[in-house]
Structure formats: C-alpha cells, structure tokens
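> Can you look at this prediction? I've put the sequence above it.
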Amino acid sequence: MGFQIANLPEADRVLDEYPFAVVAGMMLDQQYGMEHAFRGGWKVLSRFGNLDPAAIAAADPDEFKAMCSETPAIHRFPGSMAARLQELAALVETKYDGDVTRLWTEPTTGKELFKRVLELPGFGKQKAQIFVALLAKQLGIRPEGWEAVAGDYALEGYRSVADVVDADSLLKVREYKQQKKAAAKG
C-alpha cells in the first residue's frame, strides 16, 4: 500500500518514490488543507525537475519563490513556504548528506527520532509528534519508545495526517479536527 494522503494519484506516487516529498508535505501542512500540503513535493518535482535537497537548497531564492507561487501554488503562503522549503533542503543536505531517510533510519529510540524531527524548520512539538506517528503508521518506522514521543497521535483513530490512508479516513480526520476546534471555542 502506498501513500494516499494527497488524494491525487500522481502526487501520492511522488510521496511513495521521494522521501523528501513526505517531509516537505509535513512541513507544508499548516494553515493549509493536508491533501494540498502533501501535493507540494509533486508540484516542485513537476516544475523544478527534481526533489534533490542540494539542488533545492542551491536554487536562486527569488526564482524558487516564483516557481512555488505559480498556480496552483505549493501553499497559501508560497513565498514564506518556498524559503522554508529551501531551509529544510539545506538542513537535509548539510546534516544528512542529502539523504532525508537518515533522519529516521539512524535513530534507535523514539526520543532520538523526535529530537531530530524537532530540528526541522517549521516543526514544533505537535507537528513532530504527528510526523513520528506518520513514520510509524505509514512507513513502519518504529524505534523503541516511539509511542511515548508521538503521544495521542500514536493511538488508533483518526486524529491527524498520520491516520490518512484513503479518502474516507481523510474525511474522518477532518471531522475530528472540526470537533476539536468546536470544543475549544465552546
């Protein structure tokens, strides 16, 4: 089974084939529909020609921003997210020699994985927990103690993008988020 987060087969294939697209999608998943965020890698690949972190990091920032802003943009805030994507690519290039999978294949504990994820631009505690849960649930990456660092996102249910495996689960996650927002307003 491959990813079915982007709700667009060609974009989901990019998530399956390019691990950097998964990290980029997670980074873009803020103040933007999750399926649209996870189409970001596909959009960059289609326009830029590759998803190589070194090439993305080295791209002219103004040209990269313009490319990310083309309709449909990679995010509702394409300029700031283009810059953040280049920052993410630069970190992957310098810290992991361009191999984003080292982010999750080298840690032996959930705590170490969580620490690495927190270092990524745009990843706070909640996003890092969700990403650890996504790695566990979607890719089977489960270092010792991953459940503890993923918190509630490790549980079964429909809480986050980590639980999206098809169009139906996407709707259930949306309903859960709407209920949480309503309760917070309540």
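Happy to help now that I have it.
> Tell me where the model's unsure across this protein.
For the chain, the stretches flagged by pLDDT under 70 are 1.
> tally of neighbours for Arg174?
15 (other CB atoms under 10 Å). Bear in mind the C-beta positions are built from the backbone N, C-alpha and C, glycine included.
> and the helix or strand harbouring it, which residues are buried?
Arg174 is part of helix 167-185 when elements are defined by DSSP states H and E. Buried residues in helix 167-185, counted by 16 or more other CB atoms under 10 Å: 170, 172-173.
> Likewise for stretch 39-49?
Buried residues in stretch 39-49 (16+ other CB under 10 Å): 39-45, 48.
> What are the buried residues along stretch 117-128?
Buried-residue list, stretch 117-128, by 16+ other CB under 10 Å: 117, 120, 122-123, 127-128.
> CSV for the residues you listed, including distance to Glu106 and secondary structure?
Shown next, in CSV, are these (distance: CB to CB, whole Å; DSSP: H, G, I helix; E, B strand; the rest coil):
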residue, distance to Glu106, secondary structure
Val117, 12, helix
Leu120, 15, coil
Gly122, 21, coil
Phe123, 17, coil
Lys127, 20, helix
Ala128, 16, helix
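> Of those, which is the nearest to Lys95?
Leu120 (9.7 Å; CB to CB).
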